[in-house]
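S.K.: kindly return the folded structure for what I paste below:
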Amino acid sequence: MGSAFRCSLIFSSASSDYRPVALTPVVMKCFERLVCQHIRASLPPTLDPHQFAYRTNRSTEDAITIALHTALSHLEHRGSYVRMLFLDFSSAFNHIIPEILVQKLSHLGLSTPICLWIKDFLTNRPQSVRLGPHLSSTITLSTGSPQGCVLSPLLFTLYTSDCSPTHLSNIIIKFADDTTVVGLISRGDELDYRDEVNRLTEWCSVNNLQLNTTKTKELILDFRKGRADPAPLYIHGNCVERVHSMRFLGVQISDDLSWTANTTAVVKKAQQHLHFLRVPRRNNLEERLLVTFYRATIESILTYGITTWYAGCSAADRKVLQRVINTAQKITGCSLPSLEIIANSRYLSRAGNIIKDYSHPSNQLFELLPSGRRYRSHKTRTNRFRDSFFPRAITIASYHYINAAILYISYLLLFEYLRLFYCTFLFYIYIYYCILHQGSGTPMSLYPVQ
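M.R.: All right, here's what the predicted structure looks like:
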């Protein structure tokens, strides 16, 4: 492959613009997209089911809800607790080894020409810097997957596809390079969890991925009475910092599983955007455009990840959130949907998407009862589990299913009543016709004689 297809000029106007971003020519981007489609078609849909990035019908909400569901369902057992390790990689895309990637692609069943083409695409990439009239010497890079390329996200997910848990008591949730280990601890036995972390660090060393232990955090969910603090966790000799609240894929999770911290962050960010709604209002922008602007700038903030946290919010948190919507209503001068209405519609929409997608890792949680009229509910001991996504979504989906069935039966009954009324009406007309023509000698028929 010629070097002209591997590099493109980056125009930077400020010193902050100089970062390792790769821009390939437009022709190469089109070819990359074709290769990307070919690779996706060659892979099984169940490959690395807990990788939720760059996939159809997958989102950050799926990653968050599955992590929380795994933790909450385990916390239903007495004497149990959960340790969540949020790993941080240092420039993960830039540390991919093409030779290792090609071996993994070959094991996944990709053809040899495709593997060799990808290896050639990732190696011997020229790079230089121009500052005014001066041009630096060209260096050649043969590691990493260039950020900004069409293929890079897919190649990274395939590079980490073999990063899977060894023990059944652990689960590894991935969204691109955001990796979270959820360790389910019973009776204080942490051997499997610590062994999982050690194996993961060894896997990172073998695959040339560097863990940033300074930014790696741990969150412990423990509701046992009289509990003692678990022993600290060490990675490469460095103690992992234990936090009481962690921002996980845009949602703030607290160790008490309350959503006050997340609500505070959401409300603060939404209130800052109310100013941008007042400006077009002062300029007499029509209401329809104001509502569109509100949905794009404020409602999108209020409803991000809403299916993961809204049902578990306290009444005080919901009141604070609704106050932002009330302020927006006064600014726009028209009615806006409440968060409860939006949340219920999102619950039903997400449940429907999961039910239709048999490759989704949560599809098996929606199990129809033998009657076929509703879904099997989860047994919940605590309110925090009952108010999580899957128990709530199953309840709403079953309610919607029953309502749809009732509506269908009502239509059938109405049709049957109308048919019966029509037949009865015709019968009485026929009797009346017979009485009127009795003895007249005319044929007693409602149809004209040919």
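
S.K.: show me what contacts the residue nearest to I325 when sequence neighbours are not counted?
M.R.: Leaving aside its sequence neighbours, I325 sits nearest to L336 (Cβ to Cβ, 6 or more residues apart in numbering; 5.5 Å). For every residue, glycine as well, the C-beta is placed using N, CA and C. By Cβ atoms under 8 Å, 6 or more residues apart in numbering, L336 lies in contact with 291, 294, 299, 325, 328-329.

S.K.: please apply the same query to V82.
M.R.: Here V82 is in contact with 71, 74-75, 182-185, 220-222 (Cβ under 8 Å, 6+ apart).

S.K.: ok, E218 next?
M.R.: 83-86, 233, 240-243.

S.K.: would you map the helices across the stretch 101-250 of the chain?
M.R.: 112-122, 152-159, 191-206 (DSSP state H, counting those that start in this stretch).

S.K.: most packed of those helices?
M.R.: A comparison of the helices of the stretch 101-250 of the chain by mean neighbour count, using mean count of other Cβ atoms under 10 Å, puts helix 152-159 on top with a mean of 21.

S.K.: check which helices and strands it is in contact with.
M.R.: Packed against helix 152-159 by the contact rule (3 or more Cβ pairs under 8 Å, 6 or more residues apart in numbering; DSSP states H and E) you find helix 26-42, helix 98-107.

S.K.: got the contact list for the residue positioned nearest the centre of the chain?
M.R.: Compute the mean C-alpha point of the chain, and by Cα atoms, centre = their mean the closest residue is S59, 2.2 Å away. S59 makes contacts with F52, as judged by Cβ under 8 Å, 6+ apart.

S.K.: go ahead and confirm N212 touches F89.
M.R.: Yes: assessed by Cβ atoms under 8 Å, N212 is found in contact with F89 at 6.6 Å.

S.K.: how far away from the center of its chain is stretch 253-272?
M.R.: Centre-to-centre, stretch 253-272 and its host chain are 19 Å apart (Cα atoms, centre = their mean, to the nearest Å).

S.K.: buried stuff in it?
M.R.: By neighbour count on 16 or more other Cβ atoms under 10 Å, the buried set for stretch 253-272 is 253-255, 257-263, 265-267, 270.

S.K.: just stretch 220-233 next, same as before
M.R.: In stretch 220-233, counting by 16+ other Cβ under 10 Å, buried: 220-222, 230, 233.

S.K.: run me through the strand neighbours of the strand or helix carrying Q252, direction for each.
M.R.: Element membership for Q252, per DSSP states H and E: strand 251-254. Here strand 251-254 has these sheet partners by DSSP bridges: strand 245-248 (antiparallel).

S.K.: list the buried residues for the partner strand?
M.R.: Buried residues in strand 245-248 (16+ other Cβ under 10 Å): 245-246, 248.

S.K.: out of those, who's nearest F52?
M.R.: F248 (12.4 Å; Cβ to Cβ).

S.K.: that closest one contacts F175, doesn't it?
M.R.: No: F248 is beyond contact range of F175, at 9.5 Å (criterion: Cβ under 8 Å).

S.K.: and of the contacts of L336, the nearest to L348?
M.R.: E299 (18.0 Å).

S.K.: what helix or strand is Y422 on?
M.R.: helix 389-436.

S.K.: can you give me the mean pLDDT across that helix?
M.R.: In this model, helix 389-436 has a mean pLDDT of 70.

S.K.: ditto for stretch 360-375
M.R.: Stretch 360-375 comes out at a mean pLDDT of 86.

S.K.: ok, stretch 223-233 next?
M.R.: 88.

S.K.: now do stretch 91-104
M.R.: Here the average pLDDT along stretch 91-104 is 92.

S.K.: the strands in the stretch 151-300 of the chain, which residues?
M.R.: 170-175, 178-186, 217-222, 234-235, 238-239, 241-243, 245-248, 251-254 (DSSP state E, counting those that start in this stretch).

S.K.: if I look at the spatially closest residue to D357 that is not a sequence neighbour, how far off is G352?
M.R.: Sequence neighbours aside, N57 is the residue nearest to D357 in space, at 5.1 Å (criterion: Cβ to Cβ, 6+ apart). N57 is 11 Å from G352, where distance means Cβ to Cβ, to the nearest Å.

S.K.: re earlier: any idea how far L274 is from the residue nearest to the centre of the chain?
M.R.: Relative to L274, and taking Cβ to Cβ, S59 is found at 27 Å.

S.K.: for L105, same thing?
M.R.: 49 Å.

S.K.: okay, the two: which has more neighbours?
M.R.: L105 (23 against 15; other Cβ atoms under 10 Å).

S.K.: which ones are touching that one?
M.R.: Taking Cβ under 8 Å, 6+ apart as the test, what L105 contacts is 114-115, 118, 158.

S.K.: how about those residues in CSV, adding distance to S345?
M.R.: CSV is the format used below for the contacts of L105 (distance: Cβ to Cβ, whole Å):
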residue, distance to S345
I114, 42
C115, 45
I118, 42
L158, 35
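
S.K.: what is L131 paired to in the beta sheet?
M.R.: Under the criterion used (DSSP bridges), L131 bridges to H134.

S.K.: tally of neighbours for it?
M.R.: Count around L131 with other Cβ under 10 Å applied: 9.

S.K.: ok so, going back, kindly confirm my reading that the residue nearest to I325 is in a strand.
M.R.: No: if the criterion is DSSP: H, G, I helix; E, B strand; the rest coil, then L336 is coil and not within a strand.

S.K.: tell me how far it lies from R295.
M.R.: Taking Cβ to Cβ, one finds L336 at 9 Å from R295.

S.K.: how about R323, phi and psi?
M.R.: phi -60, psi -40 (degrees, to the nearest 10).

S.K.: distance check, it against V291.
M.R.: Distance from R323 to V291, by Cβ to Cβ: 19 Å.

S.K.: which of these two has more neighbours?
M.R.: Looking at R323 and V291 with other Cβ under 10 Å, you find the greater number of neighbours at V291, namely 17 against 12.

S.K.: and the more buried one, what does it touch?
M.R.: V291 touches 332, 334, 336, counting by Cβ under 8 Å, 6+ apart.

S.K.: kindly report the same for L110.
M.R.: L110 neighbours (Cβ under 8 Å, 6+ apart): 39, 42.

S.K.: on that earlier part again, now the contacts of V82 in TSV, with distance to V26?
M.R.: TSV is the format used below for these (distance: Cβ to Cβ, whole Å):
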residue	distance to V26
A71	45
H74	50
L75	51
V182	42
G183	46
L184	48
I185	52
I220	49
L221	48
D222	53
